[in-house]
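S.K.: Structure for this input, please:
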Amino acid sequence: MAGWGQTLLPLLLLLLPLPLSGSLEWKPTGLGHKGTREGCEGHGECLSQCCVPNSLNPQKFCTPKTVFRKCLSWQRPNGDKCQGHDECQSGCCTRISVDPQLFCTAKTIFQQCVRWRKPNGDYCCGHDDCRSRCCLQLNEVSPYRCIPRTGILAQCLPL
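M.R.: Residues are numbered from 1 along each chain as shown. This next block holds a predicted model:
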């Protein structure tokens, strides 16, 4: 008596679709034909259905999808110049000095983007400009400057 495996195998082979052309080569239908790291123009060209840039180079390449079935574009590492949060791997694009240029920076342990603030003694326009969060005039005619917080409760008080 033949085993189930010997009986089912020929039946399963009958259920497989045969190519209509004379070629026995398998060709995907409905999906692209390019593999990972091959150049592409659109998602439909790739087996993974994922065609994205993977560097500053505008050329796009087929890449695998994430475990959540998403196509992720290349993003700038920390320290690169940027124009918006979505350009950075960290999701954080902020000033890092007096220079108005923005850079990709790491988020805090609380997953926040913290913008650069001026040190004590620098000119300021408001409390948010200063690291100390204290921007005051030292007298009626002087310009506003960042000053350290003072007092037992660390308040923003004039010196």
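S.K.: Can you give me the buried ones in stretch 123-140?
M.R.: With burial defined by 16 or more other Cβ atoms under 10 Å, the residues of stretch 123-140 counted as buried are 124, 129-130, 132, 134-136. Backbone N, C-alpha and C define where each C-beta goes, glycine included.
S.K.: What about the residues you listed, which are in helices?
M.R.: Counted as lying in helices by DSSP state H, out of the buried residues of stretch 123-140, is not a single one.
S.K.: Distance to residue 70 and pLDDT for those residues - can I get that in a markdown table?
M.R.: Output for the buried residues of stretch 123-140, formatted as a markdown table (distance: Cβ to Cβ, whole Å; pLDDT from 0 to 100):
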| residue | distance to residue 70 | pLDDT |
| --- | --- | --- |
| 124 | 42 | 91 |
| 129 | 38 | 88 |
| 130 | 40 | 91 |
| 132 | 42 | 90 |
| 134 | 44 | 92 |
| 135 | 43 | 92 |
| 136 | 48 | 91 |
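S.K.: Distance check, the residue nearest the centre of the chain against residue 34.
M.R.: What sits nearest the mean C-alpha location of the chain, by Cα atoms, centre = their mean, is residue 89, with 3.6 Å. In this view, residue 89 and residue 34 are 25 Å apart by Cβ to Cβ, to the nearest Å.
S.K.: cool, and residue 84?
M.R.: Per Cβ to Cβ, residue 84 is found 30 Å from residue 34.
S.K.: out of these two, which sits in the busier spot?
M.R.: A count of neighbours by other Cβ atoms under 10 Å puts residue 34 above the other of residue 84 and residue 34, at 17 against 9.
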